[in-house]
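Enquirer: structural data only, the sequence is not supplied:
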């Protein structure tokens, strides 16, 4: 259940909007809006019938009465955009005595009854401190069922006057976080789909979806996120990232610090448009929270010289000029030994993930980011249209995006597989190889470990999503892979029996989720990773 809070000053305007219907020709209007809950007086006057404009005005008058009676004004800072300063500035204070929150279900969850919504609304305002349950005078409030939105989300709206019955002001300090936590608790209480308090991904609005369906193509943001993730995971420096991203066909342009042309603070990307069309630009952070430039820079080497080289590449990209460096690591072909080294690192990481505490969210996010980047790079190399590799990358990327990354510490040191994406991007052909199969064994092992972490943490929704994409898409793909060159003793062919494809090793344990189910944790034994320098191939640890 998703809460969305706004503040305003006109209770009448809000209630008229909530009572609007299609015949009113109001944006985002809905049919048959009706009350499902409210304070005692409201519910004694109105039943569950459709409310019209006159009803809305009467309800608004009731809700607003304490504010007018006591002459109380609830003020918040008025922040407005300053075009000259290119930022929001404080210009004064404004009245914001109206607190408004919508509670929405995901489209896949269907609809709730009025009784269910009414119970949820009462519990929600209690938890938010707006009723007598807070030990203070109550606020007046009403909840309106707005039905199903154009996006398919069944939802209600809750309107609250922040002036209590005794003329005191209700506190809204920390209301955004409190609303999120309350929704998580109500999801458990009412058996709703439980959204994660740890991870959060970007949504797609209906215009993006409609355009993609109309043009029979993948949504721009999905495609761009995969390419950026692949390019970033394959790169050791920022300049290398810019070059690799451009090689995928993307357009890039930097965002500069004020009054500079060499201090890059962000970036935008777009798919190269068709003739006669304009590019559609997205900021890195709008693709995914872990794809902002600040988040990406944490994974790259840095020095004054590398920063200067990166600025030169960004400037070339902004002007659509050729890359400055034409002999970077992205032009090299990794030796077979590098494949072996990265496979060893992946083996060690898959084993060590089993010992990482479930609440070490920073480390799990880092591991998921690296594995997702590897699948994204492989998808770019092999899949002309999004397939099982793209879907696996997208699903694992959800774990890489933390809702509040600053609340978590730094990830612990683990064997690095950051350059695995480089190997897939540098593959000389689109043919599947035994080396790729050997590496995929460990990537699948890591996906299984991430699945297990979510399952044991009680996040069954996240676990089930990973299981579904692995079982229905990645496993059939794995069956088409050639047998790795080196096979563990436990998997050696036995006379009279057909040997299993080792790629399936990492997929075991992901049975459909049921109460009490767990994932076996017997990954391939780890080997000590060996580091090599750039002279023998890309570095293994960043």
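Expert: Nice, thanks for sending it over. Keep in mind the model is a prediction, meaning the values are calculated, not measured.
Enquirer: and stretch 247-265, which residues are buried?
Expert: For stretch 247-265, the neighbour count (16 or more other CB atoms under 10 Å) marks 248, 250, 251, 252, 253, 254, 256, 264 as buried. (C-beta placed from N, C-alpha, C; glycine too.)
Enquirer: what's the next secondary structure element after the lowest-mean-pLDDT helix or strand in the chain?
Expert: Between all helices and strands in the chain, the lowest mean by mean pLDDT, DSSP states H and E belongs to helix 206-215, at a mean of 49. The helix or strand immediately downstream of helix 206-215 is helix 220-233, counting by DSSP states H and E.
Enquirer: which positions in stretch 462-472 come out as buried?
Expert: Within stretch 462-472, the residues that count as buried by 16+ other CB under 10 Å are 462, 463, 464, 465, 466, 467, 469, 470.
Enquirer: revised request: answer the last question for stretch 454-461.
Expert: So stretch 454-461, judged by 16+ other CB under 10 Å, has buried residues 454, 455, 457, 459, 460.
Enquirer: gap between that stretch and the chain center?
Expert: Stretch 454-461 sits 17 Å away from the centroid of its parent chain (CA atoms, centre = their mean, to the nearest Å).
Enquirer: between the two ends of that stretch, how far is it?
Expert: Using CA to CA, to the nearest Å, the end-to-end distance of stretch 454-461 comes to 8 Å.
Enquirer: check stretch 279-286 too.
Expert: 16 Å.
Enquirer: pull the contacting residues for residue 376.
Expert: 226, 227, 229, 230, 233, 389, 390, 393, 397, 421 (CB atoms under 8 Å, 6 or more residues apart in numbering).
Enquirer: rerun that using 6 Å as the cut-off
Expert: Shown in contact with residue 376 (CB atoms under 6 Å, 6 or more residues apart in numbering): 226, 229, 230, 393.
Enquirer: now for these, which pair is the farthest apart?
Expert: The span of the contacts of residue 376, defined through CB to CB, is set by 230 and 393 at 7.9 Å.
Enquirer: from residue 483, how far out is the nearest residue to residue 482 once chain neighbours are set aside?
Expert: Distance criterion CB to CB, 6 or more residues apart in numbering; nearest residue to residue 482, sequence neighbours excluded, is residue 434 at 4.9 Å. Relative to residue 483, residue 434 is positioned 6 Å away (criterion: CB to CB, to the nearest Å).
Enquirer: I'd like to know which of the buried residues of stretch 247-265 are part of strands.
Expert: In strands, defined here by DSSP state E, the members of these are 250, 251, 252, 253, 254, 256, 264.
Enquirer: so how many other residues sit close to the closest residue to residue 183 other than its chain neighbours?
Expert: Counting by CB to CB, 6+ apart, residue 1 is the residue found nearest to residue 183 once chain neighbours are left out, at 4.6 Å. Using other CB atoms under 10 Å, residue 1 has 23 other residues around it.
Enquirer: looking at the buried residues of stretch 247-265, which is nearest residue 353?
Expert: residue 248 (28.6 Å).
Enquirer: how about the residue nearest to residue 482, phi and psi?
Expert: phi -60, psi -30 (degrees, to the nearest 10).
Enquirer: next one, pLDDT for it please.
Expert: Here, the pLDDT recorded for residue 434 equals 84.
Enquirer: for residue 5, see how far away residue 92 is.
Expert: In this view, residue 92 and residue 5 are 22 Å apart by CB to CB.
Enquirer: for the stretch 201-350 of the chain, which spans come out with low pLDDT?
Expert: 201-219 (pLDDT under 70).
Enquirer: rerun that using 50 as the cut-off
Expert: Within the stretch 201-350 of the chain, the stretches with pLDDT under 50 are 204-208, 212-214, 216-217.
Enquirer: repeat that for the chain.
Expert: Residues of the chain that meet the criterion pLDDT under 50 lie in 23-27, 204-208, 212-214, 216-217, 487-499, 502-503, 513-542.
Enquirer: quick one: the strands in it?
Expert: Applying DSSP E to the chain gives strands spanning 2-8, 34-38, 75-82, 87-95, 98-104, 141-148, 154-161, 250-256, 264-271, 282-283.
Enquirer: and the first one, what other elements does it pack with?
Expert: Contacts of strand 2-8 with other secondary structure elements, assessed using 3 or more CB pairs under 6 Å, 6 or more residues apart in numbering; DSSP states H and E, are made with strand 98-104.
Enquirer: partners of the strand it packs on, with directions?
Expert: strand 2-8 (antiparallel), strand 154-161 (antiparallel) (DSSP bridges).
Enquirer: nearest to residue 287, of those strands?
Expert: Closest to residue 287 of those, according to CB to CB: strand 2-8, at 20.1 Å.
Enquirer: can you give me the buried ones in that closest one?
Expert: Quick answer for strand 2-8 (16+ other CB under 10 Å): 3, 5, 7.
Enquirer: residues in contact with that strand?
Expert: For strand 2-8, contacts defined as CB under 6 Å, 6+ apart pick out 96, 98, 100, 101, 102, 103, 104, 179, 183.
Enquirer: residue 61: which of those residues is nearest?
Expert: residue 98 (13.2 Å).
Enquirer: show me what the closest one is bridged to.
Expert: Residue 98 has these beta-bridge partners by DSSP bridges: residue 8, residue 161.
Enquirer: show me what contacts the closest residue to residue 399 other than its chain neighbours?
Expert: Excluding the flanking residues, the one nearest residue 399 by CB to CB, 6+ apart is residue 368, at 3.7 Å. Going by CB under 6 Å, 6+ apart, residue 368 touches 396, 399, 400, 450.
Enquirer: make it 10 Å
Expert: By CB atoms under 10 Å, 6 or more residues apart in numbering, the contact set of residue 368 is 199, 290, 353, 395-401, 446-447, 449-450, 453, 466.
Enquirer: and it, how far from residue 416?
Expert: 14 Å.
Enquirer: contacts only, for the nearest residue to residue 252 once chain neighbours are set aside.
Expert: The shortest distance from residue 252 to any non-neighbouring residue, by CB to CB, 6+ apart, is to residue 317 (4.2 Å). Shown in contact with residue 317 (CB under 10 Å, 6+ apart): 242-243, 245-246, 250-254, 267, 269, 323-324.
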